[in-house]
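>>> Build the 3D model from these lines:
(one chain, ligands or ions: 1)
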Amino acid sequence: MTERKAQLAANLAKVEERIAAACKAAGREREEVTLIVVTKTYPASDVRILSELGVRHVAENRDQDAAPKAAECSDLPLSWHFVGQLQTNKVRSVVGYAHVVQSVDRSKLVTALSKEAVRAEREVGCLIQVALDAEESGRGERGGVGVAGIEELADLVADSPGLRLDGLMTVAPLTGPFAGREQAAFERLMDLSTALRSAHPAANMVSAGMSSDLEQAVAAGATHVRVGTAVLGVRPRLG
Ligand SMILES: *Cc1c(COP(=O)(O)O)cnc(C)c1O
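Take a look at the predicted model:
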């Protein structure tokens, strides 16, 4: 085993232990939570090692980095999640490799995703990114739609050819009433998910929690956690 592989294996084992412990504490089955490893800023060689170590879901936040990486790793049995703010001019590229776009936050983006998914003859899963730091009818500074905008966007995704409405995603807010209250923020997301599922029962994905707050996300009921730093190490640059 190379040094890097041993390091990633050890980190993965620690994260796995944390998820298992959080599930146990919450009275949840381990199978209810899926680990997505956020590989942004790290090379395709790391993605390949993660795949060898059994990782099945990876996430990226910049198309410029993700597109060549996904191409290099196209032989691997991986699901690719896009989790960054997405400009419409990047949608064609992203639809070429992403199985799920977790950062759907405006109707113009939905229209573009649908058009490109149909063109590529692909089905793209969509999560509505909820900004819990924004005004109800506002938008988040780092992407996301305010709570009041979820329903309209969800209905639009559900009615768009080539797209599948999978659920909701959030990032714990740094400002506003939920600042420093990760678990409360994630519980709010769960309530919003319950409301969403009354109209869209299959949209049961709840993506929340990162390296520093995955326990709170699992406690609140998240189905997917997105972990970067705790698996790959502190990123060499902002991303
Ligand atoms: C980078 C990123 C993560 C992972 O963050 P870590 O703190 O490195 O675990 C999760 N979600 C999104 C949207 C990200 O951009």
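>>> Get me the contact residues on the chain for the ligand.
Contact residues, the chain versus the ligand (CB under 6 Å from any ligand atom): 38, 40, 61, 83, 171, 210-212, 226-230. Where you see a C-beta, it was placed from the backbone N, CA and C, and this is true even at glycine.
>>> try 8 Å
Applying CB under 8 Å from any ligand atom, one finds that the chain approaches the ligand through 38, 40, 59, 61, 83-84, 102-103, 169, 171, 210-212, 226-232, 235, 239.
>>> Tell me the helix or strand right after the longest helix seen in the chain.
Selection of the longest helix in the chain by residue count, based on DSSP state H, yields helix 3-26. Following helix 3-26 in sequence order, the next helix or strand is strand 34-38 (DSSP states H and E).
>>> Quickly run through the sheet partners of that following strand, with directions.
strand 57-60 (parallel), strand 224-227 (parallel) (DSSP bridges).
>>> Reformat the ones you listed as TSV; add mean neighbour count.
What follows is the strands paired with strand 34-38, written out as TSV (neighbours: other CB atoms under 10 Å):
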stretch	mean neighbour count
strand 57-60	23
strand 224-227	24
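>>> Just put those in TSV and tack on mean pLDDT.
Conversion of those to TSV gives the following (pLDDT from 0 to 100):
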stretch	mean pLDDT
strand 57-60	98
strand 224-227	98
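>>> With distance to N11 as extra columns, can I get the ones you listed in a markdown table?
Converted to a markdown table, those look like this (distance: least, CB to CB, whole Å):
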| stretch | distance to N11 |
| --- | --- |
| strand 57-60 | 14 |
| strand 224-227 | 9 |
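>>> residues near the residue of the chain found nearest the ligand, how many?
Across the chain, no residue is closer to the ligand than G228, which sits at 2.8 Å (CB to the nearest ligand atom). Other residues near G228 come to 22 when the count uses other CB atoms under 10 Å.
>>> now the strands: where do they sit in the protein?
Applying DSSP state E to the chain gives strands spanning 34-38, 57-60, 79-82, 100-104, 124-130, 163-170, 205-207, 224-227.
>>> Okay, now the unreliable bits of the chain?
237-239 (pLDDT under 70).
>>> Enumerate every residue touching Q85.
Q85 makes contact with 61, 103, 142-143, according to CB atoms under 8 Å, 6 or more residues apart in numbering.
>>> measure it to E29 for me?
Taking CB to CB, to the nearest Å as the measure, Q85 and E29 are separated by 33 Å.
>>> One more: R92?
As for R92, its distance to E29 is 39 Å (criterion: CB to CB).
>>> the more surrounded of those two?
R92 (15 against 9).
>>> residue contacts, the closest residue to the more buried one other than its chain neighbours?
Ranked by CB to CB, 6 or more residues apart in numbering and with sequence neighbours excluded, the top spatial neighbour of R92 is E116, at 4.9 Å. Neighbour list for E116: 91-92, 95, 162 [criterion: CB under 8 Å, 6+ apart].
>>> same deal with K108?
When contacts are counted by CB under 8 Å, 6+ apart, K108 is found next to T88.
>>> Please apply the same query to V94.
63, 66-67, 82, 86, 101.
>>> A25 too?
Under the criterion of CB under 8 Å, 6+ apart, the contact partners of A25 comprise 215, 219.
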